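Chemist: Quick one: sequence and predicted model below, then my questions.
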Amino acid sequence: GGGGSSSNGGSSGGSGGSSSGSSRNGGSSDSGGDASDELFTVDADLNEVSVAWPTDDMFPFLLVSLGSGVSVLRVNSDKEDDYERVSGTATGGATFLGLVRLMGLAKSFEEALALADRGDSSNVDKLVG
């Protein structure tokens, strides 16, 4: 496979996985800056702990681009077009908030999240067809 293109503005991840769209600090990782702070884990106290980029056996990996939607890409190698979009949705937080506002259930994202916390997903028919 491969040679696919991402939708929703997802990154191809084609330069060794270091091109991840935008970093968690809100800046673009394509600016040539240091990527050492872009890979991290969270410890038991919820502190971010930097993790070194892997140097061996990095491929394949999944690259998840979050923004106004979600794209999940499988990056197969460091070749520019060797990736494929495997999943995703164009529905993001703005769509969710817009629908909740149209239904008159909440005016803010915080109110909408509070409603979602009180909800019971077992009451929703999630079958397609």
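Modeler: Done, it's in.
Chemist: contacting residues around residue 49?
Modeler: Listed by C-beta atoms under 8 Å, 6 or more residues apart in numbering, the contact partners of residue 49 are 40, 41, 42, 43. Where C-beta positions appear, they are placed from N, C-alpha and C, glycine not excepted.
Chemist: Can you tell me how far it is from residue 56?
Modeler: Counting by C-beta to C-beta, to the nearest Å, the gap from residue 49 to residue 56 is 21 Å.
Chemist: same check, this time on residue 95
Modeler: Applying C-beta to C-beta, the value for residue 95 to residue 56 is 40 Å.
Chemist: neighbour-wise, which of these two wins?
Modeler: Under the criterion of other C-beta atoms under 10 Å, the comparison of residue 95 against residue 56 puts residue 95 first, with 13 against 4.
Chemist: Just the element for that one, please.
Modeler: In the assignment (DSSP states H and E), residue 95 maps to helix 93-102.
Chemist: Next: residue 45.
Modeler: Here residue 45 is covered by no helix or strand, with elements defined by DSSP H and E.
Chemist: what do you get for residue 78?
Modeler: Here residue 78 is covered by no helix or strand, with elements defined by DSSP H and E.
Chemist: do the same with the one 3 residues further on
Modeler: For residue 81, there is no host helix or strand (DSSP H and E).
Chemist: Just give me the neighbour total for it.
Modeler: Residue 81 sits with 13 neighbouring residues when counted by other C-beta under 10 Å.
Chemist: pLDDT score assigned to it?
Modeler: Here the pLDDT value assigned to residue 81 is 94.
Chemist: and what of residue 17?
Modeler: Model confidence at residue 17, expressed as pLDDT, equals 37.
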